[in-house]
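Asks: got a predicted structure plus its sequence, pasted below:
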Amino acid sequence: MSAQSYAWFGATGSVGGRHAIFRSAVRGAIAAIAIAAAGCTPATTRVAGADPADPAARVARVGYRSTIAPYTSLRPSTPAPWRERNESVTPKQRGNSHAH
């Protein structure tokens, strides 16, 4: 490369460096302003609903529900007549049905 190319790269590099310093200073100033503005938030702002330390605060009612109430035993039982139970729950056949 020629000497002019190196000079051109050097000149643009230093200009880019100045812009980078300027941009970082602007970003720092914006961050400082944002932090200062966030510190100016009024303390009376309501962040949560009720104060947990207030004994007069209204809370939802707590109900009891058993965790084992729907339990049914799955122990083996004695055999039962299944044919009558099966026939009592099957739909009735219409038309040409064969009776057993």
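Replies: Now that the structure is in, tell me what you want to look at. Numbering: from 1, shown residues only.
Asks: make it CA atoms for all contacts and neighbour counts henceforth
Replies: Will do.
Asks: quick check: Ile21 vs Ala32, distance?
Replies: 16 Å (C-alpha to C-alpha, to the nearest Å).
Asks: repeat that for Arg85.
Replies: 81 Å.
Asks: what do you get for Val89?
Replies: Distance from Val89 to Ala32, by C-alpha to C-alpha: 78 Å.
Asks: check Ala50 too.
Replies: Distance from Ala50 to Ala32, by C-alpha to C-alpha: 33 Å.
Asks: what helix or strand is Ala34 on?
Replies: If you go by DSSP states H and E, Ala34 is part of helix 3-38.
Asks: quick check: next helix or strand after that helix?
Replies: helix 82-89.
Asks: output the contacting helices and strands for that following helix.
Replies: On a contact count with 3 or more C-alpha pairs under 8 Å, 6 or more residues apart in numbering; DSSP states H and E, helix 82-89 meets no helix or strand.
Asks: when you give positions from now on, start the count at 226
Replies: Taking 226 as the first residue, the last one we looked at is helix 307-314.
Asks: and that helix, what's its mean pLDDT?
Replies: Helix 307-314 carries an average pLDDT of 85.
Asks: what of stretch 254-270?
Replies: 80.
Asks: and it, what's buried?
Replies: For stretch 254-270, the neighbour count (16 or more other C-alpha atoms under 10 Å) marks no residue as buried.
Asks: neighbours of Pro306, how many?
Replies: 7 (other C-alpha atoms under 10 Å).
Asks: could you do Leu299 as well?
Replies: Neighbours around Leu299, by other C-alpha under 10 Å: 6.
Asks: for the one 4 residues further on, same thing?
Replies: For Thr303, the count of nearby residues is 4 (other C-alpha under 10 Å).
Asks: over to the one 10 residues further on?
Replies: Using other C-alpha under 10 Å, Ser313 has 10 other residues around it.
Asks: ok, it to Pro304 distance?
Replies: 18 Å.
Asks: same question, Ile246
Replies: Remark: distance between Ile246 and Pro304 (C-alpha to C-alpha) = 89 Å.
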